[in-house]
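# coords please:
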Amino acid sequence: MKLYTSKPVDYFSAARADILELCPSCVNRVLEVGCGEGQTLELLKKGKRCGETIGFELMPLAAQAASQRADRVYCLNVEQDVWPVGIGKFDLILLLDVLEHLVDPWSLLEKLKNEYLKIDGKIIISLPNAQHFSLLLPLLAGQFNYVESGILDKTHLRFFTKKSAIDLLHSAGLTVEAMQRTSLDIRLNSGKLNAVTLGIFKNFLTSQYVFRACAQFVK
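I've put the predicted structure just below:
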């Protein structure tokens, strides 16, 4: 936890408006694992995209701030602490820039799918892309330097490419319904380069993948 105390001021406070396109138009219950200060849950609630909002957050100060924006917030380490009893199942579960911080994201994702996701529920996951050119070029020079935020965030324990991210979802019994790539907006240099190269290098220009997945429940 000590590594998180040196994070930039906005590290826990950004609302993820970019996920709205992948979110269902309106659901009853939403759980966000790693909710930060709760801005994304607040965004969904104020936009009438959901009813009840519940958040899990590791950092006490961020959890305290989130409690002012979400219906319920629990401050806990999802891999080490006991989860709250009786919170039920959810129509939508958010894992936004979370799984790469975990020791065993495979087990957590499977637990969420099996115990907390409704049969027709959705999970939205964002993961940084380890195939991004900003990692590959320094690697040619033997450099792999961690920083405070970004793909090489010093609190990242796991790294995923598009393929291994999809494999992660499949291993938990999830099917990918939709996917978005960040950094490919035509207004950005990387987006312009992607357009000029006809998408040939899109996996190297994508900084983050965002997936919407549903469960493969055995009937």
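
# could you use CA atoms for every contact and neighbour count after this?
Fine.

# quick check: closest non-adjacent residue to F144.
When the adjacent residues along the chain are set aside, F144 lies closest to P138, with 6.7 Å between them (CA to CA, 6 or more residues apart in numbering).

# may I have the helix or strand harbouring the one you found as CSV, with CA atoms only?
When secondary structure is defined by DSSP states H and E, P138 falls within helix 133-140. Extracted as CSV, the C-alpha positions of helix 133-140 are listed here (Å, rounded to 0.1, in the frame of the first residue of the first chain):
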residue,chain,number,x,y,z
PHE,A,133,5.6,1.2,-28.7
SER,A,134,6.6,3.2,-25.7
LEU,A,135,7.6,0.0,-24.0
LEU,A,136,9.1,-1.7,-27.0
LEU,A,137,11.5,1.0,-28.1
PRO,A,138,13.2,1.3,-24.7
LEU,A,139,13.4,-2.5,-24.4
LEU,A,140,15.6,-2.5,-27.5
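
# just checking, what packs against the helix or strand immediately after it in the chain?
Scanning the chain past helix 133-140 towards its C-terminal end, the next helix or strand to appear is helix 162-171 (assignment: DSSP H and E). Here helix 162-171 touches helix 105-115, strand 174-181, going by 3 or more CA pairs under 8 Å, 6 or more residues apart in numbering; DSSP states H and E.

# what's the neighbour count on the nearest residue to M59 once chain neighbours are set aside?
Of all residues beyond its chain neighbours, the one nearest M59 is C75 (6.8 Å), with distances taken as CA to CA, 6+ apart. Residues near C75, counting by other CA atoms under 10 Å, number 21.

# what sits against C75?
Contacts of C75 were listed using CA atoms under 8 Å, 6 or more residues apart in numbering, and they are F56, E57, L58, M59, P60, A63.

# can you say which helix or strand has G86 in it?
Assigned by DSSP H and E, G86 belongs to neither a helix nor a strand.

# check V210 too.
For V210, the element it lies in under DSSP H and E is strand 208-215.

# orientation of that strand relative to helix 105-115 in degrees?
Using axes from the mean of the first three to the mean of the last three CA atoms, to 10 degrees, the interaxial angle of strand 208-215 with respect to helix 105-115 works out to 40 degrees.

# now strand 208-215: average pLDDT?
For strand 208-215, the mean pLDDT works out to 96.

# can you give the contact residues for that strand?
Identification of contacts with strand 208-215 by CA under 8 Å, 6+ apart yields 19, 22-23, 113, 119-129, 162, 169, 173-183.

# now do 6 Å
Contacts to strand 208-215, defined as CA atoms under 6 Å, 6 or more residues apart in numbering, come from residues 122-129, 174-182.

# neighbouring strands of it in the sheet, and parallel or not?
strand 117-128 (antiparallel), strand 174-181 (antiparallel) (DSSP bridges).

# hmm, which helix or strand of this protein has the shakiest average pLDDT?
Of the helices and strands making up the chain, the lowest-confidence element is helix 189-196, at a mean of 64, by mean pLDDT, DSSP states H and E.

# residue closest to the middle of this protein?
Per CA atoms, centre = their mean, the C-alpha nearest to the average position across the chain is that of L96, at 1.7 Å.

# sorry, back to before: from the contacts of strand 208-215, which would you call buried?
Neighbour counting over the contacts of strand 208-215 (16 or more other CA atoms under 10 Å) leaves 122-129, 174-176, 180-182 as the buried ones.
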